[in-house]
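Colleague: Starting from these lines, generate the structure:
(chains A, B, C and D)
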Number of protein chains: 2
Amino acid sequence: MSRKRFPSKRPGLGQRNTRQRDVILDVICSARGPLTAAGILPRAAKRIRGIGIATIYRTIKLLLEQERISAVILPTGETRYEAQGLEHHHHFQCTRCGQVFCMDFCPFTKSGFARLPRGFRVESHSVTTYGKCPECGK
Amino acid sequence: MSRKRFPSKRPGLGQRNTRQRDVILDVICSARGPLTAAGILPRAAKRIRGIGIATIYRTIKLLLEQERISAVILPTGETRYEAQGLEHHHHFQCTRCGQVFCMDFCPFTKSGFARLPRGFRVESHSVTTYGKCPECGK
DNA sequence: CTTTGTGCAAAGAATTTGCATACAG
DNA sequence: CTGTATGCAAATTCTTTGCACAAAG
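Modeller: Model prediction:
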């Protein structure tokens, strides 16, 4: 049910430089858009014969912990991964072509709208905030 | 992977009024915020001994097709369900207890912040906007 | 009665984990 | 060498489906 967001880092993990990790990170970072785990596998397999899906998932988890990639969850519930930019950003999905874009605007700043790139027309949006509810905030 | 959002309605389905359907709809509609399928089960089971998780899922699908409830997919990928026809709103998840609340504020209005209920403390948020990208907007 | 709906258990799909082996440092 | 990382397959988790029985109309 509740998926752990930031699993406690087990000491002694993510210590070594392996070809698998390099390739998986590169596949994610050089893709045109965010990829699913299943989409990463064949791309990585072209460069490393026999790489397994478990390695893809384990590496994704590691890269997420290291904040080198971030997860993008589409409205269908599909999880994809993209390179982690340093700046706080959100996403925009075109309702016609389905492409997902990164937007450097944030509606939580007063000038949020000003930072919406030219040409993008917002039709709807979904916002989820996280924090402490009244009972837990005491 | 891609979950069908509105499967073709098979004729002859959703014809009958059953206690299970009434109770499941009521559980979803009278909750404080959107519920997961697993969260609906125990609430419905209090009123109908022996109700099964398969019935929860089948009824959720039916209610979605009838547009009596809608799915809320949180940025964690967790899928929840809430009554349909509520006013435009967003959600707030407590980072401690995990509960999800409906918030009638919207950051896309100038006075958005003023409508954040007392006692809720925002720590982070995630926003996805939908619309037409430059190429598709022509 | 006839047909749809339900509960149970098995099947699927996506992701995680255990374990023996491979390999980085 | 020592201990981490990988690949495989089994295990989990969440959701769907097949089937026989229950129940709505």
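
Colleague: Next SSE downstream of the longest helix along chain A?
Modeller: As assigned by DSSP state H, the longest helix anywhere in chain A is helix A:53-65. Counting by DSSP states H and E, the next helix or strand C-terminal to helix A:53-65 is strand A:69-73.

Colleague: What residues of that next one count as buried?
Modeller: Using 16 or more other Cβ atoms under 10 Å in any protein chain shown as the test for burial, strand A:69-73 gives A:69-73. Placement of C-beta: from N, CA and C, glycine included.

Colleague: Redo those residues as a markdown table? Include distance to DNA strand D and pLDDT.
Modeller: Below are these laid out as a markdown table (distance: Cβ to the nearest atom of the strand, whole Å; pLDDT from 0 to 100):
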| residue | distance to DNA strand D | pLDDT |
| --- | --- | --- |
| A:Ile69 | 15 | 93 |
| A:Ser70 | 20 | 89 |
| A:Ala71 | 16 | 89 |
| A:Val72 | 19 | 83 |
| A:Ile73 | 13 | 80 |
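
Colleague: before we move on, back to that, using CSV, write down the CA coordinates of the longest helix of chain A.
Modeller: The C-alpha atoms that make up helix A:53-65 are tabulated as CSV, following Å, rounded to 0.1, in the frame of the first residue of the first chain:
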residue,chain,number,x,y,z
ILE,A,53,15.0,-5.9,-14.9
ALA,A,54,15.9,-6.3,-11.2
THR,A,55,19.1,-4.2,-11.8
ILE,A,56,17.0,-1.6,-13.5
TYR,A,57,14.7,-1.3,-10.5
ARG,A,58,17.5,-1.4,-8.0
THR,A,59,19.5,1.2,-9.8
ILE,A,60,16.4,3.4,-10.2
LYS,A,61,15.9,3.3,-6.5
LEU,A,62,19.5,4.1,-5.9
LEU,A,63,19.5,7.0,-8.3
LEU,A,64,16.3,8.3,-6.7
GLU,A,65,18.0,8.2,-3.3
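
Colleague: and the helix or strand harbouring A:Ile28, what other elements does it pack with?
Modeller: If you go by DSSP H and E, A:Ile28 is part of helix A:19-29. Helix A:19-29 sits against helix A:37-45, helix A:53-65, strand A:69-73, strand A:79-83, with contacts defined as 3 or more Cβ pairs under 8 Å, 6 or more residues apart in numbering or on different chains; DSSP states H and E.

Colleague: who touches the first one?
Modeller: When contacts are taken as Cβ atoms under 8 Å, 6 or more residues apart in numbering or on different chains, the neighbours of helix A:37-45 outside the stretch itself are A:20, A:23-24, A:27-28, A:31, A:35, A:51, A:53, A:56-57, A:60, A:79-81, B:1.

Colleague: repeat that with 6 Å
Modeller: Residues outside helix A:37-45 that contact it (Cβ atoms under 6 Å, 6 or more residues apart in numbering or on different chains) are A:23-24, A:27, A:51, A:53, A:56-57.

Colleague: and that helix with DNA strand D, contact?
Modeller: No. Using Cβ under 7 Å from any atom of the strand, helix A:37-45 never reaches DNA strand D; the gap is at least 8.8 Å.

Colleague: relative to helix A:19-29, how tilted is that helix?
Modeller: Counting by axes from the mean of the first three to the mean of the last three Cα atoms, to 10 degrees, helix A:37-45 lies at 120 degrees to helix A:19-29.

Colleague: Buried residues of helix A:37-45, list them for me.
Modeller: Judged by neighbour count (16+ other Cβ under 10 Å), helix A:37-45 contains these buried residues: A:39-41, A:43-45.
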